[in-house]
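Colleague: fold the following and give me the result.
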Amino acid sequence: MAAYSIHTITCIGFCFPGKALANDAGDVGGKLINSDSCRSNAVKATKTLAVSYNSARRLLAGTVLVTDSNILNGLTLYNWVCDTDSISSTVCGASLTLGFKGTKLLTLLVDNVHLESTAASRCPIIAWSVNGGSIHTHQLRSAETSVLLASDVTNPIIDLYIKGMSPFEDRYSGNLPPNSVKITGFVLDPGGSTMGAPQSGKVWLNIGDSIMSGDAARYAANQGRTADDNWAAADDGRASYGHLLAKHYGYREIRLAYGGYDWDGVANLPPLTTLIDQNTSTISRLSNGFLEPKPDVVLINLGENGAPTLTSVFQALAKIRSRVDPATKIIVMVPASGKARTELTQSFRSYTNSTHDARMFLVDLGALTFATADGTHPTADGHLSIYRAALPVLDSIISK
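Modeller: Have a look, this model is predicted:
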């Protein structure tokens with residue numbers, strides 16, 4: 001568009017593929033499209049609007065919708081709700097890995113209208129790298145419709161993930177919970193297209209609470225409890241020991257982890273017997289009664305927020321087993337703090353003695369010292385300590 005001066009644009013008609021693009025349209029040179037000749041020469045459009053010069057470059061470029069197969073294949077599945085016009089997630093650590101060719105411009109399209117009533121500091125934070133480079137972060141805002149990911153990188157490959165989420169907002173109710181990241185597509189240079197990015201075919205599912213989520217992982221040791229409004233900024237979904245373990249063993253991580261969560265649920269989140277089936281209160285995460293793709297490993301670390309009952313653990317393990325493959329390894333880990341050790345051990349033994357499930361494992365790291373921000377939530381170094389302590393125990397399980 002650099003070759004065009006703004007006063008030469010008098011009428012452009014566009015076919016908008018979604019609300020996000022249409023809502024971003026503005027005014028070109030202050031002249032609205034209202035003449036018969038202008039309407040007759042417009043590109044076949046579902047909505048014909050005047051656009052500003054700043055919007056024109058993006059709108060004239062190629063738009064990739066979320067139904068693109070490479071986008072869908074790049075998602076950490078059953079972390080995302082996939083609709084015809086958007087993909088959305090409420091999980092810290094949920095990710096999208098995707099390649100592009102024939103473009104240097106890469107803009108993420110988002111729809112943040114549902115964040116209007118959310119305090120700015122509590123809105124989700126996304127992070128991404130381009131071609132394996134440095135990490136960039138951005139806190140979403142209710143009024144924005146796009147985020148520039150790259151502007152001068154040839155054939156970029158992006159690794160995008162949710163880095164931080166507030167634990168206090170609703171992340172479960174309805175088709176689009178109030179605290180969600182909602183993506184509607186990408187804008188590329190004309191002629192650009194997507195391509196698949198290499199990913200492991202092995203799947204590792206982490207289930208946990210704020211510790212597994214990476215909440216407060218950006219804080220320094222003994223910095224203190226995060227202020228209620230600052231949890232999103234204090235989080236680092238990729239610092240989680242669960243993510244480090246999956247990466248170490250060469251698996252693709254999928255995560256179900258929420259602040260305050262436990263076997264019996266918390267606030268707006270249901271018990272694990274229900275959460276394993278539901279992305280949201282209205283949308284199932286199952287395909288033909290199973291998690292698809294079926295995870296090869298499931299790691300559960302719950303109990304920090306309260307000791308579970310035998311019934312809660314028994315029913316949750318039975319439900320998870322029914323949603324995965326008989327060969328899937330299900331690992332129950334006692335919290336690194338040692339909380340609920342007795343209750344979890346007894347519940348686990350009761351389940352395995354009853355079912356004789358040979359692919360079910362209990363991991364107890366014993367007395368473990370690790371750095372925390374507030375006595376509970378590990379720092380990034382604290383997560384590394386848990387990860388390193390778990391390796392010798394998990395080596396024998398994963399190799400079976």
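Colleague: ok, now how distant is the nearest residue to residue 165 once chain neighbours are set aside from residue 297?
Modeller: Once flanking residues are discounted, residue 165 sits nearest to residue 92: 4.5 Å by C-beta to C-beta, 6 or more residues apart in numbering. C-beta here means a position set from N, CA and C on the backbone, and glycine is covered the same way. Plainly put, residue 92 is 20 Å away from residue 297 if you go by C-beta to C-beta, to the nearest Å.
Colleague: out of the two, which sits in the more crowded spot?
Modeller: Each of residue 92 and residue 297 has its neighbours counted (other C-beta atoms under 10 Å); residue 92 has more, 34 against 24.
Colleague: show me where this protein has its helices.
Modeller: 19-23, 36-41, 53-60, 69-73, 210-213, 231-234, 241-248, 272-275, 310-323, 341-355, 380-398 (DSSP state H).
Colleague: least reliable of these by average pLDDT, please.
Modeller: Per-stretch mean pLDDT for these is lowest at helix 36-41 (a mean of 35).
Colleague: for the spatially closest residue to residue 151 that is not a sequence neighbour, which residues are in contact?
Modeller: Closest residue to residue 151 apart from its sequence neighbours, by C-beta to C-beta, 6+ apart: residue 105 at 5.9 Å. With contact taken as C-beta atoms under 8 Å, 6 or more residues apart in numbering, residue 105 is in contact with 61, 150, 151, 187, 188, 189, 192.
Colleague: let me see the contact set for the last one.
Modeller: The neighbours of residue 192, taking C-beta under 8 Å, 6+ apart as the test, are 61, 62, 100, 101, 102, 103, 105.
Colleague: and the second one, bridged to which residues?
Modeller: Listed beta-bridge partners, residue 62: residue 188 (assigned using DSSP bridges).
Colleague: same check, this time on the third one
Modeller: For residue 100, the beta-bridge partners are residue 194 (DSSP bridges).
Colleague: surely it and residue 157 touch.
Modeller: Yes - here residue 100 lies in contact with residue 157, judged by C-beta atoms under 8 Å, at a distance of 7.3 Å.
Colleague: out of the two, which sits in the busier spot?
Modeller: residue 100 (27 against 20).
Colleague: what residues are up against that one?
Modeller: So residue 100 contacts 106, 155, 156, 157, 158, 186, 188, 192, 193, 194, 195 (C-beta under 8 Å, 6+ apart).
Colleague: how about 10 Å then?
Modeller: Going by C-beta atoms under 10 Å, 6 or more residues apart in numbering, residue 100 touches 64, 70, 106, 130, 149-150, 153-158, 186, 188-189, 192-195, 197.
Colleague: now residue 329
Modeller: With contact set as C-beta under 10 Å, 6+ apart, residue 329 has these partners: 204, 295-299, 358-361, 394, 397-398, 400.
Colleague: cutoff 8 Å now
Modeller: Contacts of residue 329 (C-beta under 8 Å, 6+ apart): 296, 297, 298, 359, 361, 397, 398, 400.
Colleague: and if you look at residue 158?
Modeller: Applying C-beta under 8 Å, 6+ apart, we find residue 158 in contact with 96, 97, 98, 99, 100, 106, 128, 129, 130, 149, 150.
Colleague: can you rerun that using 7 Å?
Modeller: Neighbouring residues of residue 158 by C-beta atoms under 7 Å, 6 or more residues apart in numbering: 98, 106, 128, 130, 149.
Colleague: shaky segments in this structure?
Modeller: Along the chain, the parts satisfying pLDDT under 70 run over 1-61.
Colleague: could you redo the last one with a cut-off of 90?
Modeller: 1-62, 77, 198-199, 267-268, 400 (pLDDT under 90).
Colleague: closest to the centroid, which residue in it?
Modeller: The centre of the chain sits closest to residue 94, judged by C-alpha atoms, centre = their mean, with a distance of 2.1 Å.
Colleague: surely it is in contact with residue 164?
Modeller: No - counting by C-beta atoms under 7 Å, residue 94 stays clear of residue 164, with 11.8 Å between them.
Colleague: before we move on, the earlier item: quick check on the contacts of residue 100: which are buried?
Modeller: Among those, the ones that count as buried by 16 or more other C-beta atoms under 10 Å are 64, 70, 106, 130, 149-150, 153, 156-158, 186, 188, 192, 194, 197.
Colleague: now the two most distant members of these.
Modeller: The span of the buried ones among the contacts of residue 100, defined through C-beta to C-beta, is set by 70 and 153 at 17.5 Å.
Colleague: picking that back up, now do the contacts for the residue nearest to the centre of the chain.
Modeller: So residue 94 contacts 76, 79, 80, 161, 162, 255 (C-beta under 7 Å, 6+ apart).
Colleague: tell me the contacts of residue 92?
Modeller: Residue 92 makes contacts with 162, 164, 165, 213, 214, 235, 237, 257, as judged by C-beta under 7 Å, 6+ apart.
Colleague: for these, name the two members farthest from one another.
Modeller: Between any two of those (C-beta to C-beta), the greatest distance is 12.7 Å, for 164 and 257.
Colleague: so between the two, which is more surrounded?
Modeller: A direct count of neighbours by other C-beta under 10 Å for residue 164 and residue 257 places residue 164 higher, at 28 against 24.
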